[in-house]
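Enquirer: The sequence isn't on hand, but the structure is:
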């Protein structure tokens, strides 16, 4: 049976944050743990975490978890597109049928409810791409039809990666408005991290961690 899969990008050096973003505290656990659990609770059958910088610091969080694999991108310093392609290649090696591909960065925390809603809207429209928006601004996770895999494997930094694929299929892209700003959170700096924490408390978003999911 085709399954929903996700590529969770956690390869960067976190230079602007000043410490590993994947290990930031989020709802009493690490951001990486939270993200994996939220994806799995939302119905993602397989999560591939793409590592790069100091992978040994993150593999203990991943190893042994049901439905979760990891791969190391040795070329992570050359840009995010190399990590996306590393994740796609790992998915290809799994041998399973894929129904939907989600792409999300580890510094973009999303609740399981948000991920589940993006997946629901993607399946309902039948379009190749679904981009959640808030007040018209595009966010994440992006949902993609696996038929786009050959094009995604050819993305490069010079043409802005996945953006080029989305633009090529603008007539089959569903931009769907979401109810709150969570889908825009992108924690690149300490200031953005603190702002997201404050916004999270204001929204009263639920906790999702490996305490309630493997």
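Expert: Okay, I see it. Just so we're clear, the structure is a prediction, and the values are computed from it rather than from any experiment.

Enquirer: CA atoms for contacts and neighbours, from now on please.
Expert: Will do.

Enquirer: Show me where the protein has its strands.
Expert: 3-10, 25-26, 29-30, 46-51, 68-72, 98-105, 129-134, 137-138, 142-144, 173-177 (DSSP state E).

Enquirer: quick one: strands adjacent to the second one?
Expert: Sheet partners assigned to strand 25-26 using DSSP bridges are listed as strand 29-30 (antiparallel).

Enquirer: Which of the residues in stretch 70-80 are classified as buried?
Expert: The neighbour-count check on stretch 70-80 (16 or more other C-alpha atoms under 10 Å) flags 70-73, 76, 80 as buried.

Enquirer: now do stretch 160-173
Expert: 161-162, 164-166, 173.

Enquirer: List the beta-bridge partners for residue 29.
Expert: In this structure, residue 29 bridges to residue 26 when assessed by DSSP bridges.

Enquirer: Could you report the neighbour count for it?
Expert: When neighbours are counted by other C-alpha atoms under 10 Å, residue 29 registers 16.

Enquirer: still on that earlier bit, redo the buried residues of stretch 70-80 as a markdown table? Include pLDDT and distance to residue 21.
Expert: What follows is those, written out as a markdown table (pLDDT from 0 to 100; distance: C-alpha to C-alpha, whole Å):
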| residue | pLDDT | distance to residue 21 |
| --- | --- | --- |
| 70 | 97 | 17 |
| 71 | 97 | 18 |
| 72 | 97 | 17 |
| 73 | 97 | 17 |
| 76 | 95 | 15 |
| 80 | 95 | 15 |
